[in-house]
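# the following block contains a protein sequence and its predicted model.
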Amino acid sequence: MGRDRAKANGKRAKSVSGDTTSSDCGARLQDLSLEKISFMQEESTRKGERFQQLATIDEQRYQHMRSHHQSVLDIEQEKMKIMRERHEMDTKKEDERIMSIDLDNCAPSCVHYMNHGRRRN
């Protein structure tokens, strides 16, 4: 029996050391899992911050573009106003020129045309 007892004691020793090794591996896997979860949470937080920064940059860019478009619109409206005023001035000058023509020195057909134009204005 001495030999059987020695074998049994050896098996028990291997079994106990095997349990220790497997429990060490289990503990290590649990630690790695916790580290992975922690890392994923930190990465999620960083992604959220980056998305917030991108949203802020997009909002600033949108406001800048909107301001630029409003400036262009204001310039175009001022341009149209100036063009209308210029057209009105040109029309008024042309009317004054027509009204200042001396009809006594013109041909009869020209007189008829000018009188018709004066009545229209």
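Yep, that arrived.

# show me where pLDDT drops low in the chain?
1-2, 10-20, 117-121 (pLDDT under 70).

# and Glu96, how many neighbours?
10 (other Cβ atoms under 10 Å). Bear in mind the C-beta positions are built from the backbone N, C-alpha and C, glycine included.

# what ranges does this protein have for its strands?
In order along the chain, the chain carries no strands (DSSP state E).

# all helices for it, in order.
In the chain, the helices defined using DSSP state H lie at 2-99, 108-120.

# relative to the whole chain's centre, how far out is stretch 24-31?
47 Å (Cα atoms, centre = their mean, to the nearest Å).

# with just CA atoms, put it into CSV.
What follows is stretch 24-31 as a C-alpha-only set of coordinates in CSV (Å, rounded to 0.1, in the frame of the first residue of the first chain):
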residue,chain,number,x,y,z
ASP,A,24,-5.1,32.0,-11.0
CYS,A,25,-6.1,31.9,-14.7
GLY,A,26,-9.7,32.6,-13.9
ALA,A,27,-8.7,35.6,-11.7
ARG,A,28,-6.4,36.8,-14.5
LEU,A,29,-9.2,36.5,-17.0
GLN,A,30,-11.6,38.4,-14.7
ASP,A,31,-9.0,41.2,-14.3
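
# quick check, central residue of this protein?
In the chain, the centroid-proximal residue (Cα atoms, centre = their mean) is Asp58; its distance is 4.0 Å.
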